[in-house]
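Chemist: With the input below, show me the fold.
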Amino acid sequence: MNIGLYQSAASLSALERWQDAVSQNITSGQVTGYRKRTVNFSTDQAGELHLDPNAKLGRDDGVPMLFPRVEGGINFVSAEAQPTRNELDVAIMGDGFFEVQQEDGTKSYTRSGQFRMRPDRTLVNGHGFEVMSADGDPIVLLAGQGPVVINSDGRITQGTAQLGRLSVVDFPDTSVLRPLDGGLFAAAEGVEPEQVENVSVQQGYLEGSNVAALREMVDLVLISRAYEANQRMISSFDQRMQKALDALG
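Modeler: Numbering: from 1, shown residues only. This next block holds a predicted model:
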């Protein structure tokens, strides 16, 4: 059995997953609040290779056969906030996520504070999901009460009316979050978030993605070179196998 052939094939599969992550990062690099997809590489041992024909399996030490293993992840490092001067744009300064409610009542979480007002004056995000308050209710704006003011602690007022406080939550372990479309995340079943005590937000700002486009382009070049190297190795293994078969007739 030609172990090198299988190792190279496994490497190609791992590189494809890395390329998928990089491509998604480049595509979503301009999405507000998007978090970079990462790929971590490690190895799994799958048996041993004994170069000595007299070696005994289970007794003599052989060369471990290592195959690549890929694990996907998400980089939750905060990104830079840019001013927009829109009174319904909000950026979280620190850890946490805005809590929004989908049409079926399930909750999802996002770093994107690009909000707007629905015709019924309910505050919603770009997907039309209701923005939740810390009390667990959707936030509804008032008609004819002047501009919306969002304080640094997330409290929303219009004139003298208090409309509630933005629900900013966090998870002790962010690995429980599953990415959705448009910079949204869903928590694993049975996992509940915790309200952030010292909330700090900034009105009129939006947090961008934490993707560095130049870094992603460099990664694409590295992937391409590694892919070509493994293809050449597979081709070389294939040619040697063909020569051996030809020699054996």
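Chemist: Quick one: mean pLDDT over stretch 3-20.
Modeler: If you average the pLDDT over stretch 3-20, you get 85.
Chemist: What of stretch 150-167?
Modeler: For stretch 150-167, the per-residue pLDDT averages 95.
Chemist: excluding its backbone neighbours, what's nearest Ser11?
Modeler: Asn230 (4.8 Å; CB to CB, 6 or more residues apart in numbering). From N, CA and C alone the C-beta is placed, and that goes for glycine too.
Chemist: That neighbour: which element?
Modeler: Following DSSP states H and E, the helix or strand that holds Asn230 is helix 213-248.
Chemist: So what's the gap between that helix and the chain middle?
Modeler: 29 Å (CA atoms, centre = their mean, to the nearest Å).
Chemist: which phi and psi does the nearest residue to Gly136 once chain neighbours are set aside have?
Modeler: Leaving out its chain neighbours, the residue that sits closest to Gly136 by CB to CB, 6+ apart is Ser167, at 7.6 Å. Main-chain torsions, Ser167, degrees, to the nearest 10: phi -80, psi 110.
Chemist: Ser167 contacts Phe97, doesn't it?
Modeler: No: counting by CB atoms under 8 Å, Ser167 stays clear of Phe97, with 9.1 Å between them.
Chemist: quick revisit: identify each buried residue in the helix holding Asn230, please.
Modeler: 216, 219, 223, 226-227, 230, 233-234, 237 (16 or more other CB atoms under 10 Å).
Chemist: Can you get me a residue count around the closest residue to Val148 other than its chain neighbours?
Modeler: What sits nearest to Val148 in space, not counting adjacent residues and going by CB to CB, 6+ apart, is Glu87, at 5.0 Å. Applying other CB atoms under 10 Å, we find 13 residues neighbouring Glu87.
Chemist: For Glu87, what is the enclosing helix or strand?
Modeler: Counting by DSSP H and E, Glu87 is part of no helix or strand.
Chemist: again with the one 3 residues further on
Modeler: Val90 belongs to strand 90-92 when assigned by DSSP H and E.
Chemist: same check, this time on Glu71
Modeler: Going by DSSP H and E, Glu71 is part of strand 63-74.
Chemist: what pairs with the helix or strand bottoming out on mean pLDDT in the chain, and is each one parallel or antiparallel?
Modeler: Lowest mean confidence among the helices and strands of the chain (mean pLDDT, DSSP states H and E): strand 37-49, at a mean of 78. Using DSSP bridges, strand 37-49 pairs in its sheet with strand 63-74 (antiparallel).
Chemist: any idea of the mean pLDDT for the partner strand?
Modeler: 82.
Chemist: likewise stretch 140-147?
Modeler: Here the average pLDDT along stretch 140-147 is 92.
Chemist: next one: stretch 176-189
Modeler: Rounded mean pLDDT across stretch 176-189 is 92.
Chemist: Quick check: the closest residue to Arg35 other than its chain neighbours vs Gly33, distance?
Modeler: For Arg35, ignoring the flanking residues on the chain, the nearest one in space by CB to CB, 6+ apart is Ile74 at 5.1 Å. Using CB to CB, to the nearest Å, we find Ile74 at a distance of 12 Å from Gly33.
Chemist: neighbour-wise, which of the two wins?
Modeler: Gly33 (25 against 17).
Chemist: Need the three-state assignment for that one.
Modeler: Here Gly33 is coil, with the state taken from DSSP: H, G, I helix; E, B strand; the rest coil.
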